[in-house]
Every structure is written in C-alpha cells, then in structure tokens.
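**Q** How does the following fold in three dimensions:
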Amino acid sequence: MIIQLNQAISESNKATIVEAIGKLGYKSTEVKTQKGKYLVSIGKKEFDIRSIGHLPGIDDIHRVSDEYKLVSRKWKVNRSQLDLGDGVVIGGNNLSIMAGPCSIETEKQVEQTLTHLTQNDVRIMRGGVFKPRSSPYAFRGLGVSGMKMWYKQARAAGVKIISEVMQVSQIAEMYDYVDIFQVGARNTQNFNLLDELGKVDKPVMIKRGISGTIEELLSSAEYVFSGGNEKLILCERGIRTYEKASRNTMDINAIPILKEKSHLPVIADPSHGIGIREYVEPVALAAIMAGADGIIYETHQNPEEAFSDGQQTLDFQESETLIKKLRMTFDLRNSF
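**A** Numbering: from 1, shown residues only. Sure, this is the predicted structure:
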C-alpha cells in the first residue's frame, strides 16, 4: 500500500496516520522524494482503505501488491517524464536518442562526436570515463579529468551527458558534470550504490543485470526511489543466455512488459543487446516498435580504432541513418 501524504502535513497528523496503520498490522516506511511524501506500508490484513482515508494529511491511498511498490504502475496513472532542461525531456510522447562512444578517449574524439550529434539534433551524449572491463589490461577510462573535458565541450554544444558510475565514491566526483547517472549491468544489484543514488537529485538510468530478471530490475529501481530519488529510467540491454551467435540476447519482450508494470521511462540498448554492428539498427527499430521511449547506442568516428566495443559501434554515417529511421519508426508507431 502507498499512502500519498500532503506536502504540508504536520508531524502530529503523520504520527496519527502511522499509528492507525500500525493498529491494522501494517509496518510503514516514510519516503521523501523531490516530488512527494509517501508512506509505504507492508502488511497482509485486508481492510477497507476508507477507514483511514479520511485522516487529515492523506492525499490518496493505493493498493499495490507488487514487491516493487513505488515504481509500480498500479498507483500512478500518468507515466513519469524527466525534464533535463533546455527542452530535453525523457518519456511521454518524446523519442530520446542517446549516442556516443563506449569510452571517452580524446578531446578531438569528443569534439567530432558532438559535431555529429548536433548536426542530427541529438541532445544526449553517452560515454564512459570509468569503464568496467572484463580484462584488467584493457583501457579503463580517462577518469575525472576526462569527465571535465567532456562536460566543457558538451555544455558549449548544448548537449546533455549520461555516464556510468561504478562505485559510491565516484558519485560526488561526477555530480557536477553529468545529467544522468548510469548504473551498468554489473552494478544493478550493488545496493550500496543504489542507496546512495537515492540521495542525489539527478536522474539515474538502471540497466538490467547480465542475467537479471525483469522483477530484479524493478526492485533495483525501487531501491533508488525509496531512497528519495524518483528521477528514474529503466534500460533493457540484453541478457546472457546459452546463445552464442550474438554477444547477448536482446529481450524485446521486456520492453512492453516493463511499460505495463512500471510508470518509469524505458530505454533500449541495442549495442550491448546484440553486440554486432550490422544488427544494431534492426534491433533498435524493433525496440521502438515494442514501445521503448528511446534508444542508447554506441557511435564512433572510426569504430575499428575505438578503445573499446568497436565490434558493436556504428560509424557516423551508420549512426545518421539510424537516427532518421528511429524518428520515422517512432512517428509510425504513434500513428497507430
């Protein structure tokens, strides 16, 4: 059960509500976010919600049976949208395209990528400065210095930044230079990191774990929401299966399921989902037709020379073609 509290509720009225819920055998946890105040109440006893709905300070009450309550669609009729400022909105009737290299490598590379994005009216650039790599000998990013260089150029170009945070200590280092914190597949169940991201006032995109279920992804988002941050995005990026023909198995099924189960925006990552450059486009278009609110993918001026993930990275010409097709497909979907 979710109880939405009035923003101006008094402490005495709140205490009365908690006491009344306790007498019904429910345990309540207070959640304060950027947008509201809630009591998340857990219990098994059936009761008529009208018995407490009249109490001063309650705006609304919702029965939510899901384990993930705050991110569930059962209590929120309107889908969540994230306004990044400068006309960049994720969710709703907006197609979000996030593109850029796997890793931020050089100042020239950032400049070339931003030119490509701005020429195609793409307002969000992806890139990694802290890179989780399977091999300890692979390139692992430029760190904070690379982040600052990237931020300076992106701001001048009017482009927002999404980048992966890998550990708690990096949140403060990155905070002033990112618009969206990305939680990668390896950290989807890093609950210490999720707890800390619940305390920040910036959007967080959570990728599905390498072998994670849909419910586990939603539960990870619940950690961040319950910590106080409801600026959340879900990302389907493929899962590890027994199939060897591609890097991962892109779960297109997950997109409409996530849209049905949660009010949060859903982004698809075909680059990691398929892991093979020539298949990124059809998978991306399929994700849009399945209901995704946007696509995040990798592009590089010369993928063969990319420091990481070159095999799944589009060159700028391929990227431009994909951008045009994404917009056409989004318009087609909305015309049905």
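**Q** which residues touch Glu230?
**A** Glu230 makes contact with Thr33, Gln34, Lys35, Gly36, Leu70, Ser80, according to Cβ atoms under 8 Å, 6 or more residues apart in numbering. Where C-beta positions appear, they are placed from N, C-alpha and C, glycine not excepted.
**Q** For the fifth one, the count of nearby residues, please.
**A** Right, the one you point to is Leu70. By other Cβ atoms under 10 Å, 25 other residues sit near Leu70.
**Q** Use 7 as the first number for this chain going forward.
**A** With the count now opening at 7, the last piece we talked about shows up as Leu76.
**Q** Return a PyMOL selection command for the buried portion of the contacts of Glu236.
**A** Buried subset of these, written as a PyMOL selection, criterion 16 or more other Cβ atoms under 10 Å:
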select buried, resi 39+76+86
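**Q** For Ile302, state which of the contacts of Glu236 is nearest.
**A** Distance to Ile302, by Cβ to Cβ, is smallest for Ser86 among these, at 17.7 Å.
**Q** returning to that earlier point: would TSV of the contacts of Glu236 with distance to Gly31 and secondary structure be doable?
**A** As requested, the contacts of Glu236 are exported to TSV (distance: Cβ to Cβ, whole Å; DSSP: H, G, I helix; E, B strand; the rest coil):
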residue	distance to Gly31	secondary structure
Thr39	26	coil
Gln40	31	coil
Lys41	29	coil
Gly42	25	coil
Leu76	21	coil
Ser86	31	coil
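**Q** so which of the contacts of Glu236 comes closest to Gly149?
**A** If you rank these by distance to Gly149 using Cβ to Cβ, Gln40 comes first, at 28.9 Å.
**Q** Find the nearest non-adjacent residue to that closest one, please.
**A** Nearest non-adjacent residue to Gln40, counting by Cβ to Cβ, 6 or more residues apart in numbering: Asp207, 5.8 Å away.
**Q** With Ile261 instead?
**A** Spatial nearest neighbour of Ile261, chain neighbours left out: Ala296 (4.1 Å); criterion: Cβ to Cβ, 6+ apart.
**Q** how many other residues sit next to the one you found?
**A** By other Cβ under 10 Å, neighbour count at Ala296 equals 20.
**Q** pLDDT score assigned to it?
**A** Ala296 carries a pLDDT value of 98.
**Q** ok, back up a step: list the residues that contact the residue nearest to Gln40.
**A** Gln40, Asn235, Lys237.
**Q** thought the second one was touching Val206?
**A** Yes: judged on Cβ atoms under 8 Å, Asn235 makes contact with Val206 at a distance of 6.0 Å.
**Q** thinking again about what came up before, what residues does the residue nearest to Ile261 make contact with?
**A** Contacts of Ala296 (Cβ under 8 Å, 6+ apart): Ile258, Ile261, Pro262, Ala274.
**Q** got the contact list for stretch 173-182?
**A** For stretch 173-182, the external contacting residues (Cβ under 8 Å, 6+ apart) are 136, 150, 153, 157, 169, 171, 187, 196, 198-199, 202-203, 206, 208.
**Q** quick one: buried residues of it?
**A** By neighbour count, with 16+ other Cβ under 10 Å as the criterion, the buried positions of stretch 173-182 are Gln176, Ile177, Glu179, Met180.
**Q** give me the element the last one is part of.
**A** Right, the one you point to is Met180. When elements are assigned from DSSP states H and E, Met180 belongs to helix 174-180.
**Q** how far is that helix from where the chain is centred?
**A** Its chain's average C-alpha position is 18 Å from that of helix 174-180, according to Cα atoms, centre = their mean, to the nearest Å.
**Q** Tell me the gap between the helix or strand that it is followed by and the middle of its chain.
**A** Note on helix 174-180: by DSSP H and E, the next helix or strand toward the C-terminus is strand 186-189. Distance of strand 186-189 from its chain centroid, counting by Cα atoms, centre = their mean, is 7 Å.
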